[in-house]
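Novice: need a 3D model of the sequence below.
(chains A and B)
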Amino acid sequence: MKVHDVAIIGAGITGAALARELSRYRLSLLLLEKEAEPAFGVSKSNSGIVHAGTQNPPGSLKARLCAEGNRLISGPLSEELGLDFIRCGQLIAAFGPGDLPRLENIKAEGEAMGVEGLEIVDRAWLDANEPNLSREATAALHCPTAGMISPYRFVHALVENAVGNGVVLRELSPVTAISRGADGVFSLTAGGGNYKARSVVNAAGLYADDIARMAGLPPYPIRPRKGEEYLLDRKREHIANRIIFPLPSGKSKGILVIKTSDGNPMIGPTAHDTADREDLSTTDEGLDEVLEGARRLMPSVNKSDIIAYFAGLRPAAGDDFIVRHEEAVPGFFSAAGIQSPGLTAAPAIALMLKGLLAERGLRLEPKEDFRPLRERTVHLFKVPLPRTRELIEEDPAYGDIVCRCELVSAREVRDAIKRGARTLDGIKFRTRAQAGRCHGGFCTTRLMKIMQEELGLSAAEITKRGPGSEIIKDERK
Amino acid sequence: MRTRDLVVVGGGPAGMAAALAARDAGVRDILLLERDQHLGGILNQCIHPGFGLHRFKAELTGPEYADRFAKMTAAAPEIEVSLRSFVVGLTPERRVSYLKPGALEEVRARAVIMATGCRERTREMIPIPGTRPAGVYPAGLAQKMVNMEGWIPGREAVVIGSGDIGLIMARRMALEGVKVRAVIEIQDKTRGLVRNVVQCLEDFGIPLYMRHKVAAIRGRDRVEAVDVVRVDDKFAAVPGSGFTISCDTVLVSVGLIPENELLEAAGAAIDPRTNGPVSAELNGTSIPGVFACGNSFKVYDLVDWVSRDSELAGRAAAAYLAGGAR
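Specialist: Numbers count the residues shown, from 1 in each chain, chains lettered A, B, ... in the order given. Here you go, the predicted structure:
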C-alpha cells in the first residue's frame, strides 16, 4: 500500500489551507473529508469575516496568526487563487464615553500585533460614512484592513488548487480507526478505505476529539459553541458599508452586522455553549437575540428582511487555538479549537504546521511544476452587463438563466459541478443558485436535471448534502 | 437600440391576456418576453381541474386554460414571442434588458406591462425554527416535481398552511400514495377556497389543525418530524399543547408574494407590506407608461380574474400609446 507523506484529516479551511501549502513540495498528500464535499462542516457556517487582527488576547496564537493570515489572504492568496476578498473595513462601535478606554485598549493591542491603519473615529465621521448606524453610537474604532470573503468558496479554491497540484482528496471518508506501527507509519481506516501515512494532521473541527482519542491522545477540551446567523435580502446590501461590531463581550465578539462578499448582509451570531455536536437548529430565542443585537447597531434592520438563517458550531477549545506536534504520538499533529478568527488565521496556521512538520523531518523540496494559479470563477451577479454580453458571446449558456433571484446561469452550474460540486448544497455554496429569496422554489428541478446530465445520476440519487439527504423518495415514469 | 411599442414581461396568463387585449385595442408592435421554454407560466403545473368556469364557461385544467391563450397568442402576428428570455433590467425610461441563450438584448419600449407573477413565501420568512434538512419544500415546488417531472418528494407529509396550493398538493400527494398526516393552519379559518377544503381534505380524510403552528422542524439530513403546538389569539404557543408528528416531508404553503424586484430596481414605489406596486388604480405603477397586472399587481384566487383584469392593463397601455407617448 502506498505510504503518503502526510494525511490531513478534515477538508475545512484549516485542512484545505495546509493541503494547498504542502502541495508546493514533492510530497504525497492525502486529504480525508467526512462529509460529501469540502467545507460542509464548521467552515460552511462561518461569517466570512477576514479579521484585521484586533480583539484577540495579547500573546496568543490567535493574535499572531490572525494578523498574519489577513496579510496572506489579502495579498498572495487572493491573487493566485482568484478569491473574492473585499477589503471593506470594520468598525467597533462605542456607546458613550465610558467605552472609549476599551476602544483605546483594543487599538493599542492591535497595533502591537502590527495591524495597520487603526483609528478612532468620531460621530461626525460616522454620520458621513455609516449613515445607518445607530444614533446612540458615539465613536468607533475603524479597522480598514478587515474584509470579507465567501468562506466556502475560499475552501473550494484552496482544495481545487491543492488537488490540481496532486493532493488526493477522499470525500465521504470519516476516519474510524488510527494505529501507529512499529515503523512509525500510521494506518488509517476511513469510509471503507485503508490508508498509510508517515505523518497525520488532525484538522477535524468539531470531531478533532474523536480523532485524538483514536490516536491514543487525551481529548482536547472542545466545547461546541452554537451561533445562529440570519441573512437579509440582497436589497439591503448597502445598509452598512463596513462590518459593524459592538465592543466585545466576554464570550464572543457580540452580535454583528456583517457585510458578505455575495451582497446579502448577515446579522448574528449568537454564542451559546452546547454539548451536542449535531445541534444545528435555530430557535425563536436566537432570532430575538440577534434582532435585538443588530438593531442596537442598525435600528433599521427589519425582521421582514430576513431571507435565510442557519446555525453553526464553533469548535472552541479554551481561549486559544491548539497547534502543535503531539510528543506522545510522534508524527501526529494537532490543529484543534480553530474557531474565530480561524478562517482568517488558516493560511498562517498552515505555515505554522508546515514548520512543525519540517522540524519533525518532513523534507520540503519545492516542486518545479507547482501551479499556484487557479482560474477565477465567474458569477454573473458580480459582473457588469457589458462583460455579461462578452461572456454570452463566448458561451451561449451564460445567457441561460437557471436561478432568477441570484442570476445564475446554466454555465455557472455546470462549471461548479466540473469543479467538484456533487450535491445541491455544493452548487448553492459555489454559485448561489437557491440562496436567494425564493429558496430554490423556481430552480431546484432545473438544477437537478443539470446534475443528472453532468453526473449521470437518477433524480432519486440527488442529495441536498450527501447520503441520507435525498431530495425525492420515488420516481414515477 | 430598437424601439418597440409595447414590451410585456411574462408569458403566463396575465402577460398573454394583456398582450392580446393591447393588440385588440390597436397596438401593432408587441414583444412578449417569457423566461421558460413555453408560454403558460405556473398554469402548466396545475393539472387539476377548476380553471375557466367564468372565462370559458367550461371546467379546464391549468394547461388547457393556458393552451387556449397560447394558441391565440401564436396566431397574432402583432405579438412577437421571445422564449427563454430572462429580463435583467428595467429603467424608468423603459429600457428593457434581457438575457437569452446566446444573447444579451436591449430594447426601448414606449410602454411596458409587467406580468411577472408571484413567488411563494418560504419557511424562512415565517420563520420556522429547527433544523434545515432535505424534505422541506414550498408547495408549488412540490407541485412542479410531481406534475412536471414525476418525482415524488416523500412518503409521509405534513402541509403547513391551508392556502389553495397547500390544499391541492395535500390531495395530489394523497393520490400518489403519500400519507398526508396533517395540514397545520395558524389562523382560525382556512386561506384557501372552500371547495378545496372539501374536495382536497375532507374527501381524503386529511386532518386540518386550525389555530396550530409548527414550532420546529426536526431531522439532520432528511425531515424526521415536526413539533406542533396550539396557539392563542396572539399566535403564541399554548403551554402544554405540544405534540409531534413524524413525517419525512414538509410542504410549506403560507402565502404568495408579488414578484416586483425589477419594478423596484427601476425605482417604482412598492408597498413593503404586500410587495405590490403602489398605485391608486388597478394595474398602475408610479412610472409613466409602465403597467403591472395579474399576480404581480396583486395576488388573485382565480386565473379567470387574472385574465379579465390583465386585459384592462392591455387596454390601458394601448390608450397610453394612443395618447402620443414617446
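
Novice: quick one, grab the pLDDT at residue 85.
Specialist: Using chain A. pLDDT, A:Phe85: 96.

Novice: please refer instead to chain B.
Specialist: Note for B:Ser85: predicted pLDDT of 97.

Novice: that one reaches B:Val96, doesn't it?
Specialist: No: contact criterion C-beta atoms under 8 Å: B:Ser85 and B:Val96 do not qualify, at 10.0 Å. Every C-beta, even on glycine, is put in place using the N, C-alpha and C of the backbone.

Novice: what do these two both touch?
Specialist: B:Leu33 (C-beta atoms under 8 Å, 6 or more residues apart in numbering or on different chains).

Novice: just the helices in the chain please.
Specialist: No chain in the question, so chain A it is. Taking DSSP state H, the helices of chain A run over residues A:13-22, A:61-72, A:78-81, A:100-112, A:123-129, A:151-164, A:208-214, A:284-297, A:342-359, A:385-394, A:410-418, A:424-431, A:444-455.

Novice: chain B is the one I meant
Specialist: In chain B, the helices defined using DSSP H lie at B:13-24, B:62-74, B:139-144, B:164-175, B:194-196, B:261-265, B:303-322.

Novice: export those to TSV and tack on mean neighbour count, distance to B:Leu31 and mean pLDDT?
Specialist: Compiled in TSV, the helices of chain B are given as follows (neighbours: other C-beta atoms under 10 Å in any protein chain shown; distance: least, C-beta to C-beta, whole Å; pLDDT from 0 to 100):
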stretch	mean neighbour count	distance to B:Leu31	mean pLDDT
helix B:13-24	28	9	98
helix B:62-74	19	12	98
helix B:139-144	26	27	97
helix B:164-175	24	31	96
helix B:194-196	14	36	91
helix B:261-265	19	15	95
helix B:303-322	22	13	98
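
Novice: tell me which of these lies nearest to chain A.
Specialist: Closest approach to chain A among the helices of chain B is made by helix B:139-144 (4.9 Å; C-beta to the nearest C-beta).

Novice: can you list contacts of that closest one?
Specialist: Against helix B:139-144 from outside (C-beta under 8 Å, 6+ apart): A:440-442, A:444-445, B:42, B:45-46, B:120, B:153, B:159, B:161, B:163, B:165-166, B:168-169, B:172-173, B:249, B:251-253.

Novice: out of everything not next to it in sequence, what's closest to the residue of the stretch 251-400 of chain A found nearest chain B?
Specialist: Going by C-beta to the nearest C-beta, chain B is nearest to A:Pro396 of the stretch 251-400 of chain A, at 3.5 Å. Of all residues not flanking A:Pro396 in the chain, B:Gly102 sits nearest, at 3.5 Å (C-beta to C-beta, 6 or more residues apart in numbering or on different chains).

Novice: tell me, how many residues neighbour that neighbour?
Specialist: Neighbours of B:Gly102 under the rule other C-beta atoms under 10 Å in any protein chain shown: 14.

Novice: for it, grab phi and psi.
Specialist: With angles defined as degrees, to the nearest 10, B:Gly102 sits at phi 90, psi 0.

Novice: likewise for A:Gly436?
Specialist: The phi and psi torsions at A:Gly436 (degrees, to the nearest 10) take the values phi -90, psi -160.

Novice: and it, how many neighbours?
Specialist: Count around A:Gly436 with other C-beta under 10 Å applied: 28.

Novice: from A:Val408, how far out is it?
Specialist: In this view, A:Gly436 and A:Val408 are 9 Å apart by C-beta to C-beta, to the nearest Å.

Novice: mutual contacts of the two, please.
Specialist: Shared contacts of A:Gly436 and A:Val408, defined by C-beta under 8 Å, 6+ apart, are absent.

Novice: okay, domains of the chain per the record?
Specialist: The chain I'm using is chain A. A:1-86+A:146-221+A:318-374, A:90-144+A:223-314, A:380-461 (automatic domain parsing).

Novice: actually it's chain B I care about, not the one you picked
Specialist: According to automatic domain parsing, the ranges for chain B are B:2-119+B:256-322, B:122-252.

Novice: quick one: those as CSV, columns for distance to A:Gly254 too.
Specialist: Output for those, formatted as CSV (distance: least, C-beta to C-beta, whole Å):
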stretch, distance to A:Gly254
domain B:2-119+B:256-322, 29
domain B:122-252, 22
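
Novice: in the chain, which residue is most central in space?
Specialist: This is for chain A. Computing the C-alpha centroid of chain A and ranking residues by C-alpha atoms, centre = their mean puts A:Pro151 first, at 3.1 Å.

Novice: my question was about chain B
Specialist: Nearest to the mean C-alpha position of chain B, by C-alpha atoms, centre = their mean, lies B:Cys118 at 3.9 Å.

Novice: identify the bridge partners of that residue.
Specialist: B:Pro258 (DSSP bridges).

Novice: about what we covered before: nearest to A:Ala460, of the domains of chain B?
Specialist: Distance to A:Ala460, taken as C-beta to C-beta, is lowest for domain B:122-252 among the domains of chain B, at 7.9 Å.

Novice: neighbours of A:Leu103, how many?
Specialist: 18.

Novice: how about the residues of the stretch 101-250 of chain B by chain A?
Specialist: B:101-104, B:119-120, B:122-125, B:127, B:129-135, B:137-138, B:140-141, B:144-145, B:148-155, B:176, B:216, B:220-222, B:248-249 (C-beta under 8 Å from any C-beta of the partner chain).

Novice: please check those and keep the buried ones.
Specialist: B:101, B:104, B:119-120, B:122-125, B:127, B:129-135, B:137-138, B:140-141, B:144-145, B:149, B:151-154, B:216, B:220-222, B:248-249 (16 or more other C-beta atoms under 10 Å in any protein chain shown).
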